[in-house]
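In: take a look and give me a structure for this.
(chains A and B)
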Amino acid sequence: MIIRFYATLRPLVGGRSVDLENPPETVEEILARLSEEYEGLHAQLFDEDGTVRRFVAIMVDGRDIRHKEGLQSRVSPESELDIFPPVAGG
Amino acid sequence: MALGGFANRVARVNLTDRSVTYEGVNEDDARKYIGARGLGVKYLLDNGPEVDPLSAENMLALVNGPLTGTEVTMSGRLAFVTKSPLTGTVTDSHMGGWSAARLRWAGLDAILITGKASSPVYLEVADGAVEIKDADHLWGMGIHDTVKHFGSGSGNSTDVSVMSIGQAGENGVLFASFLNEDDRAAGRGGTGAVAGSKNLKCVVVRGTRDGRWRPEQGEARQKFRAAQGQHLKLIMESPVTSPSSTNDDGSLKDGSGALSAFGTNVLMNAVNSIGGLGTKNSQLTQTTPEAANAVSGETMRDDFLTSEPTCHACPVACKKEVEITEGPHAGLKMESFEYEPAWSLGSNCGNDDPAVIAKIIDQCNDYGMDAIEIGNAISMYMEASERGYVDTPLDWGDGAGMVQAAEDIAHAAGSIGQALGQGPAKAAAAWGHPEISMTVKGQAVPAYDPRGIKGEGLGYATSNRGACHLRGYTPASELLGIPVKTDPLDWDGKGPLLKIFQDLHAFSDSLDLCKFSAFAVGAPEYAALYETVVGLPMSEEDVMVAGERIYNLERYYNNLAGFDGSHDSLPERFLTEPATGPAEGHVCELDQMKEQYYEARGWDDGVVGEGKLRELEIVS
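Out: Below is the predicted model:
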């Protein structure tokens, strides 16, 4: 599964994307695996209480998980994930 | 006048008889309409909403807000207000940089320009006075050379700022702009075309920080410090607006905010990922991840960034100066590679070459053109080519052809250049195919497709200055979650939500604070700043009422100019042609949203009634 990262998250994973083999089935599990592998990523994505930080956007196939089942949103091996830190402009 | 923040000095310039008179700011108007945008629209209303935009009778008003030139964070904005030749509505367009502060430091709140000079002129402003000077030697000059001619620059390295039009404004391009300091634009609505029609080349302002407003010593000073301190603290600590900084190796330090680090163009990948990025003249709503990334803020920082200048009193520094190092545009250094033109000249034109985008933005900055409008003009031309509507076609992604088209537009050269210089709406209509013009009230749409981000669709339709993302920035909610996260694909509730954004922005545009302040602060902070600078009571509720009053004042102007609900529309494409990508199948449910919106506004089919005008004290 290809997981794309953006902006200030890219240096943490060393590039634009990560190819995750044998991906688990929920966003929460995917982020847990990524957090284990990439130092500093967890702190950028989660508050101390384990909730996703405000303004962080996690997209599964173009839909923000805040409009799906949150961290329990299910993914398939064909899914595309995009993970953004707080981004804004105009 | 006893109101703080104001210089209480307004210059009325009549270019026909070359006269300048001075007056104070009307205190009642300043109380009701705050300053900048709101006060400017009041001047325009008093000048008459039925004037021909390109006639001598039209007014071009340069208006500061009460916070302009103070140390308040993000207060470096100036409003250009006029009747737009592109839309026929009242319009206001704001520039960052240093000109706004310097105008206030020079002792003026506003310059109200009417008439038409018999030959080219410019205005020179210093010590509260305006002189009209001959500009024959400047006419035909680009903005870069005009700025250089007067030795203007940013920051405190100089005491002079120049706000100028380029060749586009001289040649009657209807989306011609004003710029200051080479690259900071009052981009939208054709303010440069109005200046060109008056034979006005530029406004040169001399002033130093010695002329800035400062609070009196004692309690007033402490209150101001507290209000500004809280405002700054929230901006510095927000994960959205926090300033960026780098380590010795150039890498970003922890805590760097993405807006500051990558500029506005950090939105490119985000909007594309949800299927809200108009592609090929909005025939599609998503481009490939690779194409979006190629012109994104991330790529510009990694591969092209040279410096990060800022506006007066702003720690965010979202402007990015870049240099193109290879290809036909190698050696080009330019600023303002923003999200909007990166979209309008990027996926919108089927182009993923950042060098082409940089080149055309620089053409816009030099010739003085709106980079959103020109991208839409070129994309409309490309679709017309694809469909066989024009004899001299331009293919999607033809970078050299795009650069040439921009050249022709600025100089009104050839039939294509002349047609596109009237804006995509008029050009498409002239070619017999108005349906391929992505415009509202004659002004082109920005970089959020209304099928993938529905609140913006309503925002475009009901904007008082034609399609615009900045009148009511619902993506703050639909993308980020400010003040709450709403679903970009859901239409229900977007009417009342948009009204809140429109009213809040109308107030901040009248202070005049940068729109990006709203990512970190809101009505309570705006109220505190207003109270401590102007010296009048202002509650959070008062902020929203004043914003509503200003929005209704604009709508009232437009109603008197012949606009009603039938003009609050969207191109048919957004209403009937389903989106692609993640928003696949979606159209924009404009009618449903408009019904909720008009109800929230208390308008009857887009018209402000007598009762609402009285309620808001617009009429007595």
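In: give me the longest helix you can find in the chain.
Out: Let's take chain A. helix A:27-37 (DSSP state H).
In: could you do chain B instead?
Out: helix B:540-560.
In: list the helices and strands the next helix or strand after the longest helix of chain A packs on?
Out: Downstream of helix A:27-37, the first helix or strand assigned by DSSP states H and E is helix A:41-45. Helix A:41-45 is packed against helix A:10-13, helix A:27-37, with contacts defined by 3 or more Cβ pairs under 8 Å, 6 or more residues apart in numbering or on different chains; DSSP states H and E. All C-beta atoms are positioned from the backbone trio N, CA, C, and that covers glycine.
In: in the longest helix of chain A, what counts as buried?
Out: A:27-28, A:30-31, A:34-35 (16 or more other Cβ atoms under 10 Å in any protein chain shown).
In: now those residues as TSV including pLDDT and distance to residue B:280?
Out: Formatted as TSV, the buried residues of helix A:27-37 follow (pLDDT from 0 to 100; distance: Cβ to Cβ, whole Å):
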residue	pLDDT	distance to residue B:280
A:27	98	32
A:28	98	37
A:30	98	33
A:31	98	35
A:34	97	35
A:35	96	39
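In: average pLDDT for the strand or helix carrying residue B:234?
Out: In the assignment (DSSP H and E), residue B:234 maps to helix B:219-237. Computed over helix B:219-237, the mean pLDDT rounds to 96.
In: kindly report the same for stretch B:330-347.
Out: On average, stretch B:330-347 scores 96.
In: OK, contacts around residue 33?
Out: No chain in the question, so chain A it is. A:20, A:24 (Cβ atoms under 8 Å, 6 or more residues apart in numbering or on different chains).
In: you looked at the wrong chain, it should be chain B
Out: B:39, B:41-42, B:510, B:546, B:549-550, B:553.
In: what about the most far-flung residue of chain B relative to its centre, distance to chain A?
Out: Computed with Cα atoms, centre = their mean, the residue of chain B farthest from its C-alpha average is residue B:218, at 37.8 Å. Using Cβ to the nearest Cβ, to the nearest Å, residue B:218 is found at 38 Å from chain A.
In: quick check: residues of chain A near chain B?
Out: Residues of chain A found near chain B (Cβ under 8 Å from any Cβ of the partner chain) are A:4, A:6-8, A:10-11, A:16, A:40, A:53-55, A:57, A:59, A:61-64, A:66-67, A:82, A:84-90.
In: I'd say residue B:297 and residue B:259 touch.
Out: No - contact criterion Cβ atoms under 8 Å: residue B:297 and residue B:259 do not qualify, at 9.0 Å.
In: give me the common contacts of the two.
Out: Contacts common to residue B:297 and residue B:259, judged by Cβ under 8 Å, 6+ apart, are A:89, B:266.
In: give me the domain ranges for chain B.
Out: B:10-211, B:257-437, B:455-462+B:469-615 (automatic domain parsing).
In: make a markdown table out of these and add distance to residue A:22.
Out: As requested, the domains of chain B are arranged in a markdown table below (distance: least, Cβ to Cβ, whole Å):
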| stretch | distance to residue A:22 |
| --- | --- |
| domain B:10-211 | 48 |
| domain B:257-437 | 23 |
| domain B:455-462+B:469-615 | 25 |
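In: quick one: name the residues of the stretch 301-450 of chain B near chain A.
Out: Close to chain A, as judged by Cβ under 8 Å from any Cβ, the stretch 301-450 of chain B has residues B:318, B:338-340.
In: can you name the residues that contact the residue in chain A that chain B sits nearest to?
Out: Residue nearest to chain B within chain A (Cβ to the nearest Cβ): residue A:62, separated by 2.4 Å. Neighbouring residues of residue A:62 by Cβ under 8 Å, 6+ apart: A:80, A:82, B:273-275, B:286, B:581-583.
In: do the same with residue A:77
Out: Here residue A:77 is in contact with A:1, A:23 (criterion: Cβ under 8 Å, 6+ apart).
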